[in-house]
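> Provide a 3D model corresponding to the input given below.
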Amino acid sequence: MSQPKQKRIVLAHVASAHGIRGDVVVRTHTGDPAALGDYGPLSDVSGSRQFEITQLRVTAKGVVVRFKGIVDRNAAEALRGIELYVARSALPPPAEGEYYHVDLIGLRAVGPDGENLGRVVAVPNFGAGEMLEIAPQQGKETVYVPFTDAFVPTVDIAGGRVVVIMPEMVGDPEPAGPGEDRDGPSDERE
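All right, here's what the predicted structure looks like:
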C-alpha cells in the first residue's frame, strides 16, 4: 500500500550560475531570504532529486547558494530554472490570518448561504494583491475573487472550505433612452 503524496511547497528557483565553483543565484519566496537554508534538503518538482545546501549568502543579486555535489559552472548551469521544493510539514504553522497557498488549493468555495460555488484551484497575484481562482463545478470558466476579508470572510482549512462573497459582475449598462447618455439625463436633443 503506497503512502499518500505529501504536499510540497516551492521555496525558490535557480536563476543562474554564479562563478566557476558551482554556486548558483537563487530567487527565494521566503520572507527572509537567508531562511532558505533552515528547511533542510530541497527537492525538484518530482521529488526525485535532492539538493543539500552547503553554503548560503545573501547578496544584492539574490541568494548565492552552493549545493552538495555541484562543483563547477557546467553543473551549476544545468540547474538553471529548477524550482526548489520542501515538504509542507517542514514549514512552521502560519500566523493567524495567514495561509500557505498549498493549504488553500483544493478547498471548497461556498457562498454565505452554503451554496457550492466550486473549488479553489490557484492563488495568483497579478500585481494588485492575491486572488482566489475558483473553478465552478459545471466546467465553466474559472472566476477570480479578491482574497480579502470583504470577499472571503471565512477560511476554514480544517473544514475544507472558504466562504466567498462573489463580486457583482459588471456588464454593459442598460442602453440609454431618448435624451439620455450613459451618464444620465441630458438637455441635448438630437
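
> CA atoms for contacts and neighbours, from now on please.
Fine.

> Need phi/psi at residue 27.
Phi and psi for residue 27, reported as degrees, to the nearest 10, are phi -100, psi 120.

> so what's it up against?
12, 13, 14, 15, 62, 63 (C-alpha atoms under 8 Å, 6 or more residues apart in numbering).

> which among those residues end up buried?
Applying 16 or more other C-alpha atoms under 10 Å to the contacts of residue 27, the neighbour count classes 12, 13, 14, 15, 63 as buried.

> hmm, back to that, for the contacts of residue 27, which one is nearest residue 149?
residue 12 (28.3 Å; C-alpha to C-alpha).

> how much space between the closest one and residue 30?
Taking C-alpha to C-alpha, to the nearest Å as the measure, residue 12 falls 8 Å from residue 30.

> show me where pLDDT drops low in this structure?
When residues are selected by pLDDT under 70, those of the chain lie in 1-6, 168-190.

> mind exporting stretch 98-112 as PDB, just the C-alpha atoms?
Output of stretch 98-112 as PDB, limited to C-alpha atoms (Å, rounded to 0.1, in the frame of the first residue of the first chain):
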ATOM      1  CA  GLU A  98      -2.100  33.900   7.100                       C
ATOM      2  CA  TYR A  99      -2.200  30.800   4.900                       C
ATOM      3  CA  TYR A 100       0.100  28.800   2.700                       C
ATOM      4  CA  HIS A 101      -1.200  28.700  -0.900                       C
ATOM      5  CA  VAL A 102      -0.900  24.900  -0.900                       C
ATOM      6  CA  ASP A 103      -3.400  24.700   2.000                       C
ATOM      7  CA  LEU A 104      -6.000  26.800   0.100                       C
ATOM      8  CA  ILE A 105      -5.800  25.000  -3.200                       C
ATOM      9  CA  GLY A 106      -8.500  22.300  -3.300                       C
ATOM     10  CA  LEU A 107     -10.800  23.900  -0.700                       C
ATOM     11  CA  ARG A 108     -14.500  24.000  -1.500                       C
ATOM     12  CA  ALA A 109     -15.700  27.500  -2.200                       C
ATOM     13  CA  VAL A 110     -19.200  28.100  -0.800                       C
ATOM     14  CA  GLY A 111     -21.400  31.200  -0.700                       C
ATOM     15  CA  PRO A 112     -22.600  32.700   2.600                       C
END
